[in-house]
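Peer 1: Coordinates only, no sequence provided:
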């Protein structure tokens, strides 16, 4: 009887048990929703299909058997090397897999690596040219979006992937939020640039821009720093000093009061004595 | 977790110092054996080794990209005037026009902003040939040297100038040359290494060319 009840409880618990997500452990619980939104955009959303062609239809009929089967697009797993964060690869990444070069032969391991080139991109909002590592696809996307800034601002973080692109996006958004201070010397141009890009500001609040493009580690350090700045300990010596000064002040006023009362009535030799005065005075 | 400690500008400044494996493609792949179906809304089953066997469908780097359209920002020598819409190869358009800021993308907004009608026929320039601008550029850099006799008397005439132009590599017809109003006579050593202006007409444009007179001793 008891054992079956334990079994039922175990089954129930196993069903209801939920593994803690990364936002529910330690200091990460204090991360603001703005960062959660960015994290979702960067890591949770599925990136666009770059290395395969997804099937559009919902169902497909098997030609041989005539059986109708659902279409399930399982994405090719991609490898993101550390170098991806030092360039802007336009959604491309390294594909690790096998090639079957001959039906009679064993499969051969193969890495499909994108062709990288160094080129210059022009950012209108930042008013600079940047030398970055890109792929042909990046240049094509920049051309399709009619400019580098438009490409960065329109593309979600899951497709940009790289830290460099995200940091640049954050910088561009901050620049826009401040009203393009880099064009201070030419107010007409400043206005034109701001008018062209201001539509992108509607999808972010200032807090979201502040928390955009931070790595997990950076976000945690930011939280820790903010927390530290908020409840900074006051040194005890300061508190004690303050207390002492207050005490002394209170005592002084009391002495003054008593002195004015007593001086007239009693003149003892003790009252004249001053231990801190000069020797001949005492 | 990825630490991105150095500031962005530093990362940009670092050179191309990574040893990438050299391959010539960016690819669209296809599984040779597709993974099994999973439940609706369920988790896809674990992939086996055979699901990592891929066939190459297309190599995008080898396929030809279409031309892109740009609007010229300013007059570009030998290309066109400000407001001209050009259709160029993407690499050339990007590196030669868009990045240096000579042109902007021909997006619908930009076309509307600059009020450009693409179907409108282009106004032909007054020049008789597309090389006029180039010829004028060459002439502007030229100081023509005319060599005259030190012993025989002479008067400077258009054909002297024409010959000197030919020696310098310019074929100039005589009717295009207008001499300075003062007649230049020689031999006169005070005129040695002095500069004069002759007027050359290049396709309706009156152009002034420098000449340098020099005397030649013939023994």
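Peer 2: That came in fine, so what should we check first? Note that this is a predicted model, so its numbers are computed, not measured.

Peer 1: tally of neighbours for residue 34?
Peer 2: Reading this off chain A. Neighbours of residue A:34 under the rule other CB atoms under 10 Å in any protein chain shown: 18. (Glycine included, C-beta is placed from N, CA and C.)

Peer 1: Can you look at chain B instead?
Peer 2: 12.

Peer 1: just residue B:188 next, same as before
Peer 2: Around residue B:188 there are 15 residues (other CB under 10 Å).

Peer 1: Phi, psi for it please.
Peer 2: phi -140, psi 100 (degrees, to the nearest 10).

Peer 1: how much space between residue A:6 and residue A:17?
Peer 2: Noted for residue A:6: a distance of 16 Å to residue A:17, by CB to CB, to the nearest Å.

Peer 1: actually residue A:241, not the one I typed
Peer 2: In terms of CB to CB, residue A:241 sits 54 Å off from residue A:17.

Peer 1: Tell me which of those two has more neighbours.
Peer 2: residue A:241 (11 against 7).

Peer 1: Over the host helix or strand of that one, what's the mean pLDDT, rounded is fine.
Peer 2: Per DSSP states H and E, residue A:241 falls inside helix A:236-265. Averaged across helix A:236-265, pLDDT comes to 86.

Peer 1: And the strands in chain B?
Peer 2: B:27-31, B:54-59, B:68-72, B:85-88, B:103-105, B:143-149, B:154-155, B:177-178, B:185-186, B:195-202, B:205-216 (DSSP state E).

Peer 1: Rebuild the ones you listed as a markdown table, extending it with mean neighbour count.
Peer 2: Formatted as a markdown table, those follow (neighbours: other CB atoms under 10 Å in any protein chain shown):
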| stretch | mean neighbour count |
| --- | --- |
| strand B:27-31 | 18 |
| strand B:54-59 | 15 |
| strand B:68-72 | 21 |
| strand B:85-88 | 16 |
| strand B:103-105 | 22 |
| strand B:143-149 | 16 |
| strand B:154-155 | 12 |
| strand B:177-178 | 17 |
| strand B:185-186 | 14 |
| strand B:195-202 | 16 |
| strand B:205-216 | 16 |
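
Peer 1: If you average pLDDT over each of those, which is lowest?
Peer 2: The minimum mean pLDDT among these belongs to strand B:205-216 (a mean of 66).

Peer 1: can you give me the helices in the chain?
Peer 2: Using chain A. A:2-16, A:33-39, A:136-144, A:148-154, A:157-160, A:163-177, A:187-197, A:206-210, A:216-230, A:236-265, A:269-272 (DSSP state H).

Peer 1: Actually, chain B is the one I wanted.
Peer 2: Under DSSP H, chain B gives helices at B:8-13, B:90-92, B:108-113, B:132-140, B:158-167.

Peer 1: Name the stretch among the ones you listed that sits most buried.
Peer 2: Greatest average neighbour count among those goes to helix B:158-167 (a mean of 17), per mean count of other CB atoms under 10 Å in any protein chain shown.

Peer 1: Which secondary structure elements does it sit against?
Peer 2: Secondary-structure packing of helix B:158-167 (3 or more CB pairs under 8 Å, 6 or more residues apart in numbering or on different chains; DSSP states H and E): strand B:143-149, strand B:177-178.

Peer 1: Helix B:132-140 and that helix, what's the angle between them?
Peer 2: Angle of helix B:158-167 versus helix B:132-140, following axes from the mean of the first three to the mean of the last three CA atoms, to 10 degrees, is 100 degrees.

Peer 1: distance between helix B:158-167 and the chain's centre?
Peer 2: From the chain centre to the centre of helix B:158-167 is a distance of 31 Å (CA atoms, centre = their mean, to the nearest Å).
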